[in-house]
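This is a predicted model, with the sequence first.
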Amino acid sequence: MSPSDRDDAPPDFSLFRRKTLIGGGLLLGAFAAAPRIPAAPEEPATADFDNHFIQLSSLLIPHQLNRDVGLRLAAALRTKDPAFTAHVSALLDIARKKNAKIVEEFFPDVPVGPLKDTALLIISAWYLGVIVDEPGSDVFSYELALMYQPTIDVMTIPTYAISGPNEWTSEAPPLNSMPAF
Amino acid sequence: MDVGGTTAQLDAGILMANEDSADVIVVGTGIVGCLIAQQLLATGLSVVMLEAGPRVDRWRIVENYRNLPPTLRLHFDAPYPPKAWAPHMESYTDAAAAEYLQLEGPNARAYRQGYVRYAGGATWHWAGICWRLTPQDMRLKSLYGVARDWDFDYDTLEPYYTRAEYAIGVCGPSDPSLQWPPMRSKPYPMGPLPFGPGEQRFTDAAARLGLKNLPSAQARNSRISYDGRPPCCGNNNCIPVCPIAAKYDAATALPKIEAKGGRILANAVAYRVETDQKNAIAAVHYFDPDKRSHRITGRIFVLACNGIETPKLLLLSKDERNPNGVANSSDQVGRNMMDQPKLVAELTLAEPLWTGVGPVQGSSIMQTSQGDFRGRHGGALFRFNNMARSTFGGVAAIRKGLVGRALDEEIRRLSACTAEIAIEHELLPDPNNRLTLSDKKDWLGINKPNIYYDVGDYVRRGAQEYSVPLVRKLAAELGSTDVKVSTEFTNSDHIMGGTIMGANSAAAVVDLDCRAHDHPNLFLPGGGAMTTAGCGNSTLTMAALALKAADAIAGQAKRG
C-alpha cells in the first residue's frame, strides 16, 4: 500500500499530550528527582509562578508529582483564568499561616468560593489529567493521571499491561491496602 | 438516490477513466469481508475490496484513545472520528448521536449501533467474544412456536464455526462442561484466559445460585502467539482498541490480503449496485472523497458492509428491474432488524469485587438463554463487565470535592466496590423493525438510514418476569448494598436480520449460502443474514456464514 493511501491523521484529534510530555518519563517521579526544566529562558515572573504552582500542588496532593505535567497545567490554568495567579498566592498564604505540610492541615481554612474552587480545580486536573472533562478538551496526562494510582496494585491502566500472558490471577489485596504513590 | 442530480453526469464522465475490475468485488473490510477475501484469494481468484472509511494504523487509534478526556473514554466510538464521506453514529451526546442514524419507534434508543466506518470495521472495537448459537437457537418455531427456524441445522453450521475459530484464533476451555454449546468437532485452537478477581467472585456467586458463569470463547490469543499476533497481556482495552493486536481485528487481516494479491480501496463509498439486463449484478458505483464517482465491475459481488449499511445500499440501488431495491423482491430487505436489547445492573458492594484485570469481557452466564419459557418470553445472557472502573471511580470521587487521603480512599472504594452486570436479551425477528431510507442526506448526498425499532413484548416480558429478578438475586449473592437496574433498553451493537436468510425466496432475501435470491452473483453474508439472534454475541456466526458463502462463491466461480 502506498503512503498516500494511508490516513493516520484525523485532524480532529491532536497529539497534545504526547507533544507536551516530550522528555517526560513514564514513571512517576518526585519533583526533586525530575530534571529541572525548561532549558529555554523564562520570564522571572513565570518561573516564580511555576514554582508557586508546584509548591501549592505538593501541599494539595500528598503524592509524588511529575514536574513536566505540572508546568503544563500551570501555564494552561493561568491562561484560562486571569485571577489564577493571585489565587495560587492566596492559597499558599493560607497554608503557610497554618504551617501546613499536607492538605488536611489547611484545606478547612480555605474559604468557600473562588479560592476553594481553584484548589479543587488544581487537584482535579492532577487526578483526571484534564482541566475540563468535556469533549474537545486537551489532555495533559494519561498514564500519569493520579486517578489510576489508588488502584494501581490491582487495576490495569487501560492500554497498559501490568502482567504478562495469562499471568494475572483472581487474587486481590484488601480495600484498605492503599498503594504508595 | 438523489445526489444533487449529478449521478448520471458523474457516471458518464469521470468513471470511465477509473473503471476497475476483479473476479470478486467485496464491499466492506470487516471480519466478514476479510474472511471471504482471504478464502477466495487462496483459491486463485482476484479480489478488490472497497471500504467507505479511512485506513489507519493501530498506534493512531491508541493515541486517539489516550488523548480523550476521561468521560469520553467510555464512548468506544470516540477514538474513531468519522470522515465526512463515511459518517457513523457518534455517541458522545444525544445530539451527536442523532446526526447519522435516524431512529424511531418505542425503543429507538436501543438501536444506537456503534459501528465505525474504518478499514477493519467494527472489529477494531469489538470485545472479541465468540459464542456459537445452540441447536435450539436455530429452531425457535419448531420448539417454541415463535419466530422462524433456520433452514439448516446446527450440524450444518458446526464445521464453519470451527473453521472460523481457527481462522481468527479463538481461545476457550477444553472441558466440555465449560463450553457453549458443548458440541464441537475440534477443540479450540487455544486454551481459556484466566479470570481476574471480579469475574471469579461473580462466577462463585452464580454457582451458589446454581448458575454457571462460563469462560468466554474469545478471539484473543491465550498464552501463545497465533497467526502472527502476540498473546493477550491483559491491557484491559479490548474495547475500544487492543493496543497490541492480541485480539483479532480485521485490520490485522488487511496486510495479509494485500500480500496475497488482494487490493483494498479505502475511502471508497459504495452508493449503487448496478444490475444488467439479466438482473445479475454488473458493477458497484462508489464515490471518492472528492465526490467523484467510480464504477467497478466483477463476476461476483459481496456486500459485507454490516447489517445496516448493506440493506441501505440495496435500497439505494433500486432500478427498473428492482423497483423496491436490489435483492428485494421479497420486500424483506431492511426488515427484521435485530440486536440483543441490553439492560445494565449497577451494583454497589461493601466488599471489593475488582475489575480491570485481564480482558474487558471474559465470561457470561449462557444457560439462562435456553428454556421452555421461550414460547412466552426470551432468555438472556448475564455478563460481568470487567472494564477497569478506575476512571469511573476517579471522576466520581473528584466530583464529591474530596481531598487528600479521603479522596484516594474514595477513588479506591468506588473503583473496587462497584460493578456492572450486563443483561442481553433474545429478540425475535419482526418485519416491522425496519430500516428504510431517510429523507435526510449525508455529506455525499446519500440517504441516511432510518430504523424503526420496538423490542417487543417478548423481550419486555423476558426482562420483567425473568432477567431483572434474576440479576437482583445475583447482585444480592455478590453482597450488593445497592442495585440499580436500567429501565431503558440500549444497544448491544450486534446488528442482525436486515437481509434475512431462508430457503423460501418469497420470505427471505438470501439463500442458505447467503446468495441473494434475486441475483445469482450477489452475496450478502454476515449478521444481516441471521434468521434468529440468540442471546450471544453474533460475530462468530457472521464469520461462519462468511466462510459458508466463500465456499459457495469459490464453487460458483469455478463453474464459471
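Ah, there it is. Numbering: from 1, shown residues only, chains lettered A, B, ... in the order given.

Now the residue nearest to residue B:404 when sequence neighbours are not counted: phi and psi?
Once flanking residues are discounted, residue B:404 sits nearest to residue A:103: 4.3 Å by CB to CB, 6 or more residues apart in numbering or on different chains. Placement of C-beta: from N, CA and C, glycine included. Main-chain torsions, residue A:103, degrees, to the nearest 10: phi -60, psi -40.

Can you name the residues that contact residue A:103?
Neighbour list for residue A:103: A:59-62, B:403-404 [criterion: CB atoms under 8 Å, 6 or more residues apart in numbering or on different chains].

for residue B:227, same thing?
B:168-169, B:248, B:252.

Relative to residue B:85, how far out is it?
32 Å (CB to CB, to the nearest Å).

How about residue B:482?
Distance from residue B:482 to residue B:85, by CB to CB: 46 Å.

Compare neighbour counts for these two and give me the winner.
Shown here are residue B:482 and residue B:85; by other CB atoms under 10 Å in any protein chain shown, residue B:85 has more neighbours (21 against 11).

Identify the residues contacting the more buried one.
B:52, B:267, B:269, B:287, B:289, B:291, B:442-444.

how close does it sit to residue B:528?
Distance of residue B:85 to residue B:528, given as CB to CB: 23 Å.

Tell me which helix or strand the residue most central in space within chain A sits in.
Residue closest to the mean C-alpha point of chain A, counted by CA atoms, centre = their mean, is residue A:126 at 2.9 Å. Assigned by DSSP states H and E, residue A:126 falls within helix A:114-128.

Averaged pLDDT, that helix. What do you get?
Summarised as a single mean, pLDDT over helix A:114-128 is 98.

Let's have the contacts of residue A:103 in JSON lines, adding neighbour count and pLDDT.
Below are the contacts of residue A:103 laid out as JSON lines (neighbours: other CB atoms under 10 Å in any protein chain shown; pLDDT from 0 to 100):
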{"residue": "A:59", "neighbour count": "23", "pLDDT": "98"}
{"residue": "A:60", "neighbour count": "24", "pLDDT": "98"}
{"residue": "A:61", "neighbour count": "20", "pLDDT": "98"}
{"residue": "A:62", "neighbour count": "17", "pLDDT": "95"}
{"residue": "B:403", "neighbour count": "21", "pLDDT": "98"}
{"residue": "B:404", "neighbour count": "17", "pLDDT": "98"}
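
Now tabulate those in JSON lines and tack on secondary structure and distance to residue B:200.
Formatted as JSON lines, the contacts of residue A:103 follow (DSSP: H, G, I helix; E, B strand; the rest coil; distance: CB to CB, whole Å):
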{"residue": "A:59", "secondary structure": "helix", "distance to residue B:200": "41"}
{"residue": "A:60", "secondary structure": "helix", "distance to residue B:200": "38"}
{"residue": "A:61", "secondary structure": "coil", "distance to residue B:200": "34"}
{"residue": "A:62", "secondary structure": "coil", "distance to residue B:200": "33"}
{"residue": "B:403", "secondary structure": "coil", "distance to residue B:200": "34"}
{"residue": "B:404", "secondary structure": "helix", "distance to residue B:200": "33"}
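
In TSV: these, plus distance to residue B:438.
Formatted as TSV, those follow (distance: CB to CB, whole Å):
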residue	distance to residue B:438
A:59	57
A:60	52
A:61	51
A:62	55
B:403	50
B:404	53
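
ok, of those residues, which one's closest to residue B:221?
Relative to residue B:221, the closest of these is residue A:61; by CB to CB it sits at 39.3 Å.

Check whether that closest one really touches residue A:126, as I assumed.
Yes: here residue A:61 reaches residue A:126: they are 5.5 Å apart, a contact under CB atoms under 8 Å.

shared neighbours of those two, anything?
Contacts common to residue A:61 and residue A:126, judged by CB under 8 Å, 6+ apart, are residue A:146.

Could you verify my assumption that residue B:447 touches residue B:318?
No: the pair residue B:447 / residue B:318 is not scored as a contact, 11.4 Å apart, by CB under 8 Å.

So which of these two has more stuff around it?
Shown here are residue B:447 and residue B:318; by other CB under 10 Å, residue B:447 has more neighbours (20 against 17).

which one is the more buried one nearest to, not counting chain neighbours?
Per CB to CB, 6+ apart, closest to residue B:447 is residue B:437, 4.0 Å.

three-state assignment of that neighbour?
What DSSP: H, G, I helix; E, B strand; the rest coil gives for residue B:437 is strand.

any idea how far residue B:529 lies from chain A?
30 Å (CB to the nearest CB, to the nearest Å).

Straight-line length of stretch A:162-169, end to end?
12 Å (CA to CA, to the nearest Å).

Name the residues of it that come out as buried.
A:162, A:165-166, A:168 (16 or more other CB atoms under 10 Å in any protein chain shown).

Other residues contacting that stretch?
With contact meaning CB under 8 Å, 6+ apart, stretch A:162-169 is reached by A:152, A:156, B:193-194, B:196-197, B:221-224, B:230-234, B:357-358.

Kindly recompute the last result at 7 Å.
Contacts to stretch A:162-169, defined as CB atoms under 7 Å, 6 or more residues apart in numbering or on different chains, come from residues A:156, B:193-194, B:196, B:222-223, B:231-234, B:357-358.

just stretch B:145-157 next, same as before
Counting by CB under 7 Å, 6+ apart, B:135, B:138-142, B:183, B:374-375, B:428-429, B:502-503, B:512, B:531-532, B:544 sit against stretch B:145-157.
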